[in-house]
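**Student:** Requesting a structural model of the entry that follows:
(one chain, ligands or ions: 1)
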Amino acid sequence: MNKTYIIGHTKPDTDSVVAAMALEYLFKHEPAFGYSKVEAVITDPLNPETTYLFEKFRVTAPQVITANDIGQQDQVVLVDHNEESQRLAGLANDQIVEIIDHHKAHLNLPQPIFMTFKVWGSSNTIIYYLMKQNGVKPDKTLASLMLAAILSDTVGYKSPITTDKDRKFGQALAELAGITDIDAFTLEIFKAKSNISSLTDEQVVRNDYKVFDFAKKVFIDQLETVEQAEILTQKKVALLKAMAKVKAEEKVDLLFVAITDILQVNTKLLILGDEEAQVAQKAFGGQVADNILDIGSKMSRKKEIAPAIEKALQ
Ligand SMILES: [Mn+2]
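**Tutor:** The predicted model follows:
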């Protein structure tokens, strides 16, 4: 029988992994979606935050697959991403039958498909909305994970990408999960997010980066942490060294590492050289001191940091 794989983006975060599992649950509980045999899968192993959450709630991670595991008759539902550069490598275009996402659409598929795009803070907010519409209630464990995914993607509702829907459905999920202290739960997730002890300096620079094609090629890595001060005092020199190496390897014109304190809501940019310093000062104001520029409460790369740098380069 044909199988339908549900899969998030490469290097999956909590939202991506849990969204695939939540969709599997929804499709299994509501036959009207028309998928008879569904399985949530992932492209790469779990990050430290998701690993922590799965241990806490005693959940087994979905299987890691490659494109070779997908049979020719099988079909694929994408969740939490759409563009080709973020998909499982080698995935055939014509096997994609549905996409549920909250990112900018960048698609050119040969066939018509189902699409649900909402500009909400997390893919799990969209999936909870679909569950509500279909009268499907997540069990306690899944509700806990979906809430965690929303809190992770919206940085505890502090990111400017947060919408009323994220807060409202997050609250409904908290009730289903029996989680009353959201602040404590958020802090737990933040601490798991901050745990970079297993990463090398170079892996930190490459942990969560995007390359933008502005007037110049700009690499921006972001580290969301509850230990900003410790990182800047203890790891600054090593990170600057790793940044120089990655800049040469990636052949980018400018490279920034944004270290965001997710409790205080403050971002400090690590500044590698004179060119980065000039662009950053033009983009955000202020003065670079000891390779650091404080850009205040800006914390969204997508909405605040990248657009300011793009404008400064024009
Ligand atoms: Mn997401």
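
**Student:** quick one, what contacts the residue of the stretch 201-314 of the chain found nearest the ion?
**Tutor:** In the stretch 201-314 of the chain, the residue that lies nearest the ion is residue 302 (10.8 Å; C-beta to the ion). Heads up, the C-betas are built off the backbone N, CA and C, glycines and all. Applying C-beta atoms under 8 Å, 6 or more residues apart in numbering to residue 302 gives the contacts residue 161.

**Student:** ok, so what distance separates it from residue 153?
**Tutor:** Distance of residue 302 to residue 153, computed by C-beta to C-beta, to the nearest Å: 11 Å.

**Student:** what's stretch 126-144 in contact with?
**Tutor:** Stretch 126-144 is contacted from outside by 19, 21-23, 25-26, 29-30, 32, 57-59, 79, 100-102, 116, 118, 120, 146, 165, 169, 172-174, 176-179, using C-beta under 8 Å, 6+ apart.

**Student:** Compute the number of surrounding residues for residue 135.
**Tutor:** 8 (other C-beta atoms under 10 Å).

**Student:** Over to residue 67?
**Tutor:** As a burial measure, residue 67 scores 14 neighbours (other C-beta under 10 Å).

**Student:** and it, what pLDDT?
**Tutor:** We note a pLDDT of 97 for residue 67 in this prediction.

**Student:** for it, phi and psi?
**Tutor:** Residue 67 has phi and psi values of phi -60, psi -30 when expressed as degrees, to the nearest 10.

**Student:** In this structure it contacts residue 90, no?
**Tutor:** Yes - under the criterion of C-beta atoms under 8 Å, residue 67 makes contact with residue 90 at 3.3 Å.

**Student:** which residues in the stretch 101-250 of the chain form strands?
**Tutor:** 114-117, 209-213, 217-225 (DSSP state E, counting those that start in this stretch).

**Student:** Show me the contact partners of the longest one.
**Tutor:** For strand 217-225, the external contacting residues (C-beta under 8 Å, 6+ apart) are 155, 190, 193-194, 196, 204-212, 231, 246-247, 250-262, 301, 305-306, 309-310, 313.

**Student:** Quick one, which of those are buried?
**Tutor:** Those of the contacts of strand 217-225 that meet the buried threshold are 155, 190, 193-194, 196, 204-209, 212, 231, 246-247, 252, 254-262, 301, 305-306, 309-310, 313, by 16 or more other C-beta atoms under 10 Å.

**Student:** Can you give me the neighbour number for the residue in the stretch 1-150 of the chain positioned nearest to the ion?
**Tutor:** Residue nearest to the ion within the stretch 1-150 of the chain: residue 15 (3.5 Å; C-beta to the ion). Counted with other C-beta under 10 Å, residues neighbouring residue 15 total 28.

**Student:** so who does it touch?
**Tutor:** By C-beta under 8 Å, 6+ apart, residue 15 lies in contact with 8, 80, 122-124, 149-150, 152-153.

**Student:** confidence score at it?
**Tutor:** For residue 15, the predicted pLDDT is 97.

**Student:** any idea how far it lies from residue 310?
**Tutor:** For residue 15, the distance to residue 310 equals 25 Å [C-beta to C-beta].

**Student:** Next: residue 227.
**Tutor:** Distance of residue 227 to residue 310, computed by C-beta to C-beta: 29 Å.

**Student:** rewinding a little: among the buried ones among the contacts of strand 217-225, which are located in helices?
**Tutor:** 190, 193-194, 204-205, 231, 246-247, 306, 309-310 (DSSP state H).

**Student:** Near the ion, which residues of the stretch 151-300 of the chain are found?
**Tutor:** With C-beta under 5 Å from the ion as the criterion, the stretch 151-300 of the chain meets the ion at residues residue 153.

**Student:** Taking the stretch 151-300 of the chain, what residue is nearest to the ion?
**Tutor:** residue 153 (4.6 Å).

**Student:** Residue 98 sits in which helix or strand?
**Tutor:** Here residue 98 sits within strand 96-101, counting by DSSP states H and E.

**Student:** Output the contacting helices and strands for the helix or strand of the chain with the lowest mean pLDDT.
**Tutor:** Every helix and strand in the chain was compared by mean pLDDT, DSSP states H and E; the lowest is strand 209-213, with a mean of 82. Counting contacts by 3 or more C-beta pairs under 8 Å, 6 or more residues apart in numbering; DSSP states H and E, strand 209-213 is packed against strand 217-225, helix 306-312.

**Student:** No more questions from me, cheers.
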